[in-house]
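> Only the shape, not the letters, is given here:
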């Protein structure tokens, strides 16, 4: 990959000129559209799948996409369930791009093939998020690098930007370090976020030791400030620390306004935890703006996309500024790599060890029994 392409990837998520309009007008920035409720996995902590529901039709999805775009939304995140179970997912991505959306897709990656990635890329998909919680499966989660690792090579020459996101809880803690290191060593922006409660405020799994969780998040902050590809912005990392420390963060929730969700039945949801019976086709800009307020449910909120968007809109200079500084620290390493003498070719490493997303480093095999990191040093 050319140096300019590599540098461009580092800042591709922060098109300031394009996004600035949504930060200061009354139109939404992003919508998460549930392509389907169906999923091929049954992770214990998940509240967002229902295999009793049929896939929505492509015609209905297109109609909802048109309405979401009509409201002025700039980005659409295709979520589920598992989006790759929908037979028309490629055509839906193509349609989202045709109507002008910046488009991402979140998947567990189990159904991803090289041909499917190529089809999604040709349809215009820009970003793919793969959820990986552990190195090896457990009764709590099947989303593991054991299954995904060989598929990372699909992205070596792909224009689709990949990032990896995991869930942090008691079950995943012993392998979270290995998950993060495995992604980062391959040049993939990677993050691990605290598990959140279901809509009734009930945690379906054990959260884990608060001290160990804080230790891990502080360690991610240190790594991010050093220029490594921790995908979460620092504002959200600080917010998660505040949750663990019991120190409330003063913020105004933008869910249902700058960011909203649409269910696989076309219902308008403020976020994945706050659901309504209103249909997206009946929603107006005034309806969205009415959700611009502090909400009783935002105390302890774990819907981090809503938190991230809210913090960004409230203080864009601070949030974006810190992110640009962190990403800029990666550029010297890219330049050194681009102008370094070529090493002699060696035999290819097996099972998905090739670096992607512009990284020049191949990765060592991660240890599935790697222990949690030591205390972070600031």
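That came through fine. These numbers were taken from a predicted model, which means no experiment stands behind them. Numbers count the residues shown, from 1 in each chain.
> When you work out contacts or count neighbours from here on, use the C-alpha atoms and nothing else.
Noted.
> which residues touch the nearest residue to residue 323 once chain neighbours are set aside?
Leaving aside its sequence neighbours, residue 323 sits nearest to residue 233 (Cα to Cα, 6 or more residues apart in numbering; 6.3 Å). Residue 233 is in contact with 308, 319, 323, counting by Cα atoms under 8 Å, 6 or more residues apart in numbering.
> Is it correct that residue 219 falls within a helix?
Yes. With DSSP: H, G, I helix; E, B strand; the rest coil as the criterion, residue 219 is part of a helix.
> Could I get the contacting residues of the residue lying closest to residue 267 once chain neighbours are set aside?
Excluding the flanking residues, the one nearest residue 267 by Cα to Cα, 6+ apart is residue 279, at 4.4 Å. Each residue near residue 279 by Cα under 8 Å, 6+ apart is listed here: 266-268.
> The helix or strand containing residue 22 - what's its average pLDDT?
Per DSSP states H and E, residue 22 falls inside helix 16-24. Helix 16-24 shows a mean pLDDT of 66.
> next SSE after it?
With DSSP H and E, the next secondary element past helix 16-24 is strand 30-34.
> quick one, what contacts residue 276?
Neighbouring residues of residue 276 by Cα under 8 Å, 6+ apart: 267-270.
> ok, which pair from these is furthest apart?
267 and 270 (10.0 Å; Cα to Cα).
> Distance of residue 176 relative to residue 218?
14 Å (Cα to Cα, to the nearest Å).
> just residue 283 next, same as before
For residue 283, the distance to residue 218 - Cα to Cα - is 40 Å.
> Then residue 41?
31 Å.
> who's more crowded, these two?
Here residue 41 and residue 218 are compared on neighbour count by other Cα atoms under 10 Å; more neighbours surround residue 218, at 20 against 16.
> Let me know the pLDDT of that one.
With respect to pLDDT, residue 218 scores 95.
> and if you look at residue 45?
72.
> got it, and residue 1?
Looking at residue 1, its pLDDT is 49.
> Considering helices and strands only, name the one in this protein with the lowest mean pLDDT.
helix 3-11 (a mean of 47; mean pLDDT, DSSP states H and E).
> returning to that earlier point: of the contacts of residue 276, which count as buried by neighbour count?
267-270 (16 or more other Cα atoms under 10 Å).
> Inside strands: which ones of these?
267-269 (DSSP state E).
> Identify the residues contacting the residue nearest in space to the middle of the chain.
Centroid check for the chain by Cα atoms, centre = their mean gives residue 129 as the closest residue, at 5.2 Å. Each residue near residue 129 by Cα under 8 Å, 6+ apart is listed here: 104-107, 162-165.
> Repeat that for residue 171.
Contacts of residue 171 by Cα under 8 Å, 6+ apart are 138, 140, 206, 208.
> can you confirm it is in a strand?
No. Assigned with three-state DSSP, residue 171 falls outside any strand and is coil.
> how much space between it and residue 69?
Taken as Cα to Cα, the span from residue 171 to residue 69 is 39 Å.
> Residue 146 too?
Distance of residue 146 to residue 69, given as Cα to Cα: 38 Å.
> Which residue of those two possesses the greater neighbour count?
More crowded of residue 146 and residue 69, by other Cα under 10 Å: residue 69, with 19 against 15.
> What residues sit buried inside the helix or strand harbouring that one?
Here residue 69, judged by DSSP H and E, is contained in helix 58-70. By 16+ other Cα under 10 Å, the buried positions in helix 58-70 come out as 58, 61-62, 64-65, 67-69.
> and if you look at stretch 26-40?
For stretch 26-40, the neighbour count (16+ other Cα under 10 Å) marks 26-39 as buried.
> got the end-to-end distance for it?
Using Cα to Cα, one end of stretch 26-40 lies 38 Å from the other.
> quick one: that stretch to chain centroid distance?
13 Å (Cα atoms, centre = their mean, to the nearest Å).
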